[in-house]
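Novice: got a predicted structure plus its sequence, pasted below:
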Amino acid sequence: MIKIIMLLLMALLLLASCGQNERHHEAIAEYAEVAYDGYDYEESVTIPAYDSYRISLEVNPELRTVEGISHIAFTNRTGKLLDTVVFKVYLGGIDGEFNLLYASLDSEALAYDFEGTVLTIHLPEPLLPDVTIELLLQYDATIPMSTNRTGGNEEAMWFGMFLPVLATHQNDSWHVEEFHPIGSPFLIDTANYQVAITTPLRYMVVGTGFRSEEIIEDTDTRITRFTAHTTRDFAFAVSAYFNHAHISTESGIEIHLYYYTEALEIDHILEHARQSMEYLEYHVGSFPFGHMTIVEADAQRDIAVFSQMILMNSLHLQFGDLWALSHGLTEQWFAHIVGTNRIDEPWLANGLTRFVHAGIFYDEETLTDYMERVYASIAHRDDLKLTNGLRTFEYFTDYEQTHGRMAMLMMYDLYRLMGADVFWQFINQYYHEFSFNFATAEDFKRLAETHHGESLQWFFDEWMV
């Protein structure tokens with residue numbers, strides 16, 4: 001039930017600051033010292049901090065096909081023996097075609113089951129805790145002419161949630177939920193990526209992470225390489241028509257815009273992106289990567305957001321609709337750097353993203369007016385429940401009004417209750433504590449109570465019924 005207190009909205013200064021945050025996580029250690037517990041075959045070992053992917057792709061834009069090989073260094077961090085390793089192949093949830101050709105371990109072919117978006121690899125013998133293996137997957141795919149996260153039009157192809165990724169293992173089981181067409185049905189661990197993409201020479205490839213190119217003499221071939229550490233996913237786009245412009249933030253982040261529509265107001269778009277990222281760095285915490293990439297693509301309704309990369313609909317760019325762009329940038333902080341369960345607890349990332357994003361556009365007085373309008377738009381709904389998980393929604397409108405508008409109103413109510421200074425200190429610690437990890441609803445509530453200084457059970461009980 002939406003609290004009657006929302007009718008008594010009072011103005012507070014959203015732009016109150018907690019001081020500039022120091023840049024964090026500038027260098028993430030590749031390895032962490034972890035001791036075995038209860039195993040006598042070795043006293044201690046060094047295991048990777050994150051799983052890693054070494055990927056080679058060959059893209060044929062004319063045929064709209066991809067051939068790929070992924071080497072995945074996977075470490076068993078479950079504390080138990082594993083008989084299987086599970087991957088999610090999200091291309092299986094849209095109208096593309098993905099074919100797994102071969103799976104192996106130490107050159108030995110492995111049995112597997114592949115159904116829907118779930119790929120289960122059967123190991124030849126149980127994998128001990130804290131032991132790392134390298135799996136190989138060979139595959140090909142056909143990319144649809146569509147507006148999905150992976151798709152294309154006459155000017156470009158884009159690849160979001162395209163690669164097979166390790167499923168998340170939590171609470172003694174793999175997350176194997178099938179793809180859901182509403183919201184963001186993804187639960188992905190932080191990992192390291194090294195990706196090499198081969199294309200015909202006239203095509204440019206842009207994507208997540210640091211980018212370099214190599215032209216193969218006398219072959220009309222270009223190899224574009226990417227290095228992306230501590231990222232949740234790797235996305236990329238391919239086009240023979242990309243133009244390029246960029247701008248830098250005060251902290252040195254390079255914001256790149258790749259586009260094929262000539263009439264865009266490039267300076268206006270980039271300046272808005274710069275101001276948005278500087279606002280987010282000031283209030284939430286520093287962006288731990290050197291690049292942010294924005295790509296024109298007809299992906300979904302307005303934008304599709306991936307780690308360090310946003311696909312933005314051509315019409316939104318042409319008409320200067322920058323609301324969606326800054327929303328996608330805010331999502332980098334609360335859905336990609338900090339991970340949450342957007343299947344069972346979508347209110348957490350969505351509510352924070354929507355509320356913090358509003359501060360980019362509204363000052364003290366206009367923010368209150370905006371929240372009153374949002375409240376009025378859903379006041380007639382007594383069936384909206386933040387406890388409803390993603391899969392309970394059949395229609396996007398119901399999902400957006402619940403985990404978009406209602407979740408944002410709850411965050412605004414919490415902001416008013418705590419006061420601006422305390423709230424931003426809380427959000428700053430939340431961001432730093434759970435960067436590159438997963439935060440749960442209980443983590444969020446616990447940290448809020450720590451900063452508020454007293455129990456907030458009553459607050460969350462009222463909002464979460």
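Specialist: Received it, and whenever you're ready, just let me know what you need. Residues are numbered from 1 along each chain as shown.
Novice: how about the one helix or strand residue 446 maps to as CSV, C-alpha atoms only?
Specialist: In this assignment (DSSP states H and E), residue 446 forms part of helix 441-452. Extracted C-alpha coordinates of helix 441-452, given in CSV (Å, rounded to 0.1, in the frame of the first residue of the first chain):
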residue,chain,number,x,y,z
ALA,A,441,17.3,-6.3,0.1
GLU,A,442,18.4,-7.3,3.6
ASP,A,443,21.8,-5.7,3.0
PHE,A,444,20.1,-2.5,1.9
LYS,A,445,17.8,-2.4,4.9
ARG,A,446,20.7,-3.2,7.4
LEU,A,447,22.9,-0.4,6.0
ALA,A,448,20.0,2.1,6.0
GLU,A,449,19.3,1.3,9.7
THR,A,450,23.0,1.7,10.5
HIS,A,451,23.1,5.2,9.0
HIS,A,452,19.6,6.2,10.4
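Novice: could you pull out the buried residues of the helix or strand just after it?
Specialist: Sequence order places helix 457-464 as the next helix or strand after helix 441-452, per DSSP H and E. Burial within helix 457-464, assessed by neighbour count using 16 or more other Cβ atoms under 10 Å, is assigned to 459-460, 463. The C-beta positions use only the backbone N, C-alpha and C, and glycine is treated the same way.
Novice: hey, where'd the helices end up in the stretch 301-450 of the chain?
Specialist: Applying DSSP state H, counting those that start in this stretch to the stretch 301-450 of the chain gives helices spanning 314-318, 323-331, 346-361, 364-378, 396-400, 407-418, 420-434, 441-452.
Novice: among those helices, which comes closest to residue 236?
Specialist: Comparing the helices of the stretch 301-450 of the chain against residue 236 with Cβ to Cβ, the closest turns out to be helix 323-331 (16.5 Å).
Novice: which strands or helices does the closest one pack on?
Specialist: helix 266-283, strand 303-306, strand 309-312, helix 346-361 (3 or more Cβ pairs under 8 Å, 6 or more residues apart in numbering; DSSP states H and E).
Novice: again, 10 Å this time
Specialist: Packing partners of helix 323-331 (3 or more Cβ pairs under 10 Å, 6 or more residues apart in numbering; DSSP states H and E): helix 266-283, strand 291-296, strand 303-306, strand 309-312, helix 314-318, helix 346-361.
Novice: out of the ones you listed, which one sits most buried?
Specialist: With neighbours defined by mean count of other Cβ atoms under 10 Å, none of those is more surrounded on average than strand 309-312, at a mean of 27.
Novice: mean confidence for stretch 147-162?
Specialist: Confidence for stretch 147-162, expressed as mean pLDDT, is 89.
Novice: which parts of that stretch are buried?
Specialist: By neighbour count on 16+ other Cβ under 10 Å, the buried set for stretch 147-162 is 147-153, 155-162.
Novice: and what of stretch 247-265?
Specialist: Within stretch 247-265, judged by 16+ other Cβ under 10 Å, the buried ones are 247, 249, 253, 255-260, 264.
Novice: centre of the chain versus it, how much separation?
Specialist: 20 Å (Cα atoms, centre = their mean, to the nearest Å).
Novice: how about the CA coordinates for that stretch, as CSV?
Specialist: In CSV, the C-alpha atoms belonging to stretch 247-265 read as follows (Å, rounded to 0.1, in the frame of the first residue of the first chain):
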residue,chain,number,x,y,z
ILE,A,247,34.1,14.1,-24.3
SER,A,248,35.8,13.7,-20.9
THR,A,249,34.6,14.2,-17.4
GLU,A,250,36.5,16.1,-14.8
SER,A,251,37.7,12.8,-13.4
GLY,A,252,39.0,11.7,-16.7
ILE,A,253,36.4,9.3,-17.9
GLU,A,254,36.2,9.2,-21.7
ILE,A,255,32.6,9.2,-22.9
HIS,A,256,32.4,7.9,-26.5
LEU,A,257,29.4,8.2,-28.8
TYR,A,258,29.2,6.1,-32.0
TYR,A,259,26.4,7.1,-34.4
TYR,A,260,25.2,6.8,-38.0
THR,A,261,22.5,9.5,-38.1
GLU,A,262,24.0,12.7,-39.3
ALA,A,263,21.4,15.1,-37.9
LEU,A,264,22.1,14.4,-34.2
GLU,A,265,23.0,17.2,-31.8
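Novice: now residue 155. Nearest residue, chain neighbours left out?
Specialist: Spatial nearest neighbour of residue 155, excluding adjacent residues (Cβ to Cβ, 6 or more residues apart in numbering): residue 260 at 4.5 Å.
Novice: residue 351 and residue 414 touch, don't they?
Specialist: Yes - when contacts are counted by Cβ atoms under 10 Å, residue 351 is listed as touching residue 414 (9.2 Å).
Novice: which helix or strand contains residue 120?
Specialist: strand 118-127.
Novice: pull the contacting residues for the residue positioned nearest the centre of the chain.
Specialist: What sits nearest the mean C-alpha location of the chain, by Cα atoms, centre = their mean, is residue 336, with 3.5 Å. Residue 336 sits next to 188, 190, 231-233, 289, 305-309, 349, 436 when contact means Cβ atoms under 10 Å, 6 or more residues apart in numbering.
Novice: how near is it to residue 289?
Specialist: 10 Å (Cβ to Cβ, to the nearest Å).
Novice: which neighbours do the two share?
Specialist: Contacts common to residue 336 and residue 289, judged by Cβ under 10 Å, 6+ apart, are 231, 307-308.
Novice: between those residues, which is closest to residue 272?
Specialist: residue 308 (18.0 Å).
Novice: what is the neighbour count of the closest one?
Specialist: Look at residue 308: counted by other Cβ atoms under 10 Å, it has 25 neighbours.
Novice: am I right that it is in contact with residue 295?
Specialist: No - in this structure, residue 308 is not within contact of residue 295 by Cβ under 10 Å, at 11.3 Å.
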